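Trainee: When you get a sec, could you give me coordinates for this:
(chains A and B)
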Amino acid sequence: MTDTMTAPAAAPVDGDKGGLYATYAGLSTPIRWMVAAALGILLLTIVQTISGDGVDVLTAPGTSGAMLRFAVPIMLAGLGGLFAERVGVVNIGLEGMMIMGTWFGAWGMVNFDSSLAGVIWGAIGGALGGLLHAVATVSFGVDHIISGVAINLLAPGLTRFLSDQMAIKTKEKLDAGEEPSFPFIWEGGSITQSPRVEGLPKVNLPYLVGGRLPGSDDRTYNLLGEIDDANIFFVSDLAGFLEGLFTQLSLFTIGAFLLVPISMFILWRTRLGLRLRICGERPEAGETLGVNIYLYKYIGVITSGALAGLAGGFLAMELAGIYREGQTLGRGFIGLAALIFGNWRPGGVMLGALLFGYPFVLALRDGTGQGTHALLLVITIVLAAVLVVSIRRENTADAIIAGLLAAVAFVWWILADTAPNWLPNTMPYVTVLLVLVFLSQRLRMPAANGQIYRKGG
Amino acid sequence: MKQPLLRRILLAVGAPVAAVAFAVAVSSLVLLLAGNNPITAFGDMIENASRLETFVDIVNEATPLYISGIAAAIGFRMNLFNIGVEGQYLIAAFFAAVVGSAGFVTDLPGPLHVSVILLVAMSVGAAWAGLAGVLKVTRGINEVISTIMLNFIAVGGVIAALLVRFADDTGATNSGTTPLDESGRMPSLNNIVEIFTREIGKGRELTGVLLIAIVVGIGYHLFINRTRIGFDFRASGYNPMAARAGGVPPKRMILYAMLLSGAIAGLVGMFEVLSDKGQYSQSFVRSIGFNGIAVALIGRNNATGIAVGALLFGFLNQSSGILQITESATPEIVEIMKGIIVLSAVVAYEVVRRIRLRDEARSAAEATERRVDPSLEGSEVPA
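Mentor: Sure thing, here's the model as predicted:
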């Protein structure tokens, strides 16, 4: 395995550029990503222009900011999956650990009246789920999927029980003058939801979008805003898109994105990381070298739970501003899909999360269905690009599938004026399936992933 | 040396009993923490369950759970994780309700009408699961991810898109398909039960779908244990490489298993479609698919075991109602108990499996030791 990062999302789009592609492939990884992202925004801009005046939801500053926020829970869940699967434990229980995170995050915030406490408690809640998964899979050797499914069943029941205690039982007992068994109260909450919760402070970046410098009350120069107002084709759209990314940026979001390089560093540049990864590749070899495989598997799976818990905490505190039952909507599983899409690498997970988070944004912001309708054209173009690449690579099966799907998307786009209201809600899951259809055969997961390891076996 | 019979029986029965005991212990602890008396709570639960009417409720609740458990178990036998039973039964119930209330079908005589509905349900369930099977076989997509995505697409996409079109009254808050005619319903089994018991009161009706569940259970048992393809299923689940060497094509087996699992999953929603509700509505009962997975795990993918698991879950679901009424405990404890039972059951089975392996290794070692060259003695038997 090489240490170069792969950007699977970019490859199919740009593969048809011939000589240009060779140049592109020679660029360093971060620059390749930026080029790919810029091309993506160019595509969205062109489609938006074709679609007419009514549609600016695809690249509006609000959309890009929301895209970042909606990517965070998926990305954190994906990173959670990464730490588990790199130590060889499949973590289907991410969804349940995320649910724990939503509840504990909200609880920590309300109980300690501090958003930071919410973040920490969210992670602790998820880590508890991770610990349970580790005990079952590592110590008792239970099948990983089975244990994960059980945790997904347990988590909603547990949070519901706890909410009931906080919101109702404690109050009843206090009113009756009795000693409550749980000395915490959720004023204004119910069995299914918490009181309102607040996230971490938000910042605007100075100079780029005119945020304030620390210790000063004056706004700095708003570079991106100026470019956006200049109304130049694509350049202004790009600036508007970037403006959205750096405006009202929560510290939680910044921290979450910092976890990507941090995970990269830990897993591939430290001794700890090497030991974690050997558990997922060749645990027997690790054992002969004196690595305590069980210990590192525990570390990996508990970290995984903590990250999923953070994802849940973010969902409750930053995205929704409230804990609500069932608010995860399968994002834990989409995080797993992002992990697969990202070929079990932190950078890839981030890309996958941005890609899979985008349709969630449209589902929320695109009330008229015009944006989703325009997205059909985007999908058509991307699939057409896949078609071209597949033909060049002489991959008939891929070419046929891409061609057929592109035709369907195109005909749909032509025939309809707006997307029906159910389409935006389904888009995230359809996107995951579509992407995996073309990618899953080119990926490589850790060699010992999902296997049950016994010491001295 | 053969193992003592008592030990073997203890090992077989011990795991599920230990799991339930552990779950009761943990739940009691939680109840104590919440300031409830666990003895009163469990007493209320058991007392409630011993009434005939509650028993009918439990069986009614267990029926779809059982079918769902069998559907999941078919996949598990092959190491396939069909997490998509949930989406499969909902989409199957929807199409079955739509076709069942369509003009040309409504005129059919009773048994034929029901058969058409069942056939549609099974085909749609099989098709939706088969999609995941095709994705796995041709594109290598993990069935766990694809079936979960297909769950969301089924409910949020296909059903949401089509329900508007086939709704009886689109203005209603809980819009649903046109209710089925009398001929499209399964008769209740009350008369049969009342031969042995007193009259079942309070308008309770034992669902006729129970008969379908029994047929499914027997069929599953015979299929897995008595047919050649059932053997191939188990073989490729146990050791795909060996099965392949023995002439069992793994891809075809995966596809068959998904289709079969989906077809059975299609029957899960029938208890409501073929009842006097006779329709698919927005409030159609959910999450039987996920609970079915739990039931299959408790029952160790065994037809009888799944029945026990389904009845246990039915009992727990019914208990949450009585706990609410008597206020002896918080009803949410039931959800926690379900989760703990599943987790402790799978852990207990794993522990028992290991004890068995160790016993086997030991008895094999003892059996061979007598014939073995004395120079090899003292070499360790792997524990």
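
Trainee: mind showing which ranges of the stretch 1-150 of chain B have poor pLDDT?
Mentor: Within the stretch 1-150 of chain B, the segments meeting pLDDT under 70 span B:1-3.

Trainee: Show me what from it comes close to chain A.
Mentor: Neighbours of chain A within the stretch 1-150 of chain B, by C-beta under 8 Å from any C-beta of the partner chain: B:30, B:33-35, B:81, B:83, B:135, B:138-142, B:144-146, B:148-150. C-beta here means a position set from N, CA and C on the backbone, and glycine is covered the same way.

Trainee: mind listing which of the residues you listed are in helices?
Mentor: Assigned to helices by DSSP state H, the following of the residues of the stretch 1-150 of chain B next to chain A qualify: B:30, B:33, B:135, B:138-139, B:144-146, B:148-150.

Trainee: Secondary structure element holding the residue in the stretch 251-400 of chain A that chain B sits nearest to?
Mentor: Chain B sits closest to residue A:333 of the stretch 251-400 of chain A, with a gap of 4.6 Å, by C-beta to the nearest C-beta. Secondary structure assigned from DSSP states H and E places residue A:333 in helix A:331-341.

Trainee: ok, residue B:89 touching residue B:288?
Mentor: Yes. Counting by C-beta atoms under 8 Å, residue B:288 is a contact partner of residue B:89 at 6.6 Å.

Trainee: list residues touching both of these two?
Mentor: B:64, B:68, B:268-269 (C-beta atoms under 8 Å, 6 or more residues apart in numbering or on different chains).

Trainee: Which two among the residues you listed are spaced furthest apart?
Mentor: Distance extremes for these: the farthest pair is B:68 and B:269 at 9.5 Å, using C-beta to C-beta.

Trainee: List the contacts of residue A:212.
Mentor: Residue A:212 touches A:204, A:206, A:218-220, counting by C-beta under 8 Å, 6+ apart.

Trainee: re the thing from before, have a look at residue B:68 and residue B:269 and say which one is more surrounded.
Mentor: residue B:68 (32 against 29; other C-beta atoms under 10 Å in any protein chain shown).

Trainee: list the contacts for that one?
Mentor: By C-beta under 8 Å, 6+ apart, the contact set of residue B:68 is B:85, B:89, B:265, B:268, B:288-289, B:291-293, B:295.

Trainee: returning to that earlier point: check which helices and strands the helix holding residue A:333 is in contact with.
Mentor: Under the contact criterion of 3 or more C-beta pairs under 8 Å, 6 or more residues apart in numbering or on different chains; DSSP states H and E, helix A:331-341 touches helix A:61-86, helix A:94-112, helix A:293-314, helix A:346-365, helix A:422-439, helix B:143-152.

Trainee: Buried residues, whatever helix or strand comes next after the last one. List them.
Mentor: If I follow you right, that is helix B:143-152. As assigned by DSSP H and E, the chain's next helix or strand after helix B:143-152 is helix B:160-166. Neighbour counts over helix B:160-166 (16 or more other C-beta atoms under 10 Å in any protein chain shown) mark B:160, B:162-163, B:166 as buried.

Trainee: Nearest to chain A among those residues?
Mentor: Nearest to chain A out of these is residue B:160 (C-beta to the nearest C-beta; 4.0 Å).

Trainee: State the number of residues packed around the closest residue to the closest one other than its chain neighbours.
Mentor: Counting by C-beta to C-beta, 6 or more residues apart in numbering or on different chains, residue A:422 is the residue found nearest to residue B:160 once chain neighbours are left out, at 4.0 Å. Close neighbours of residue A:422, defined as other C-beta under 10 Å, add up to 21.

Trainee: Could you measure from residue A:210 over to chain B?
Mentor: Distance of residue A:210 to chain B, given as C-beta to the nearest C-beta, to the nearest Å: 39 Å.
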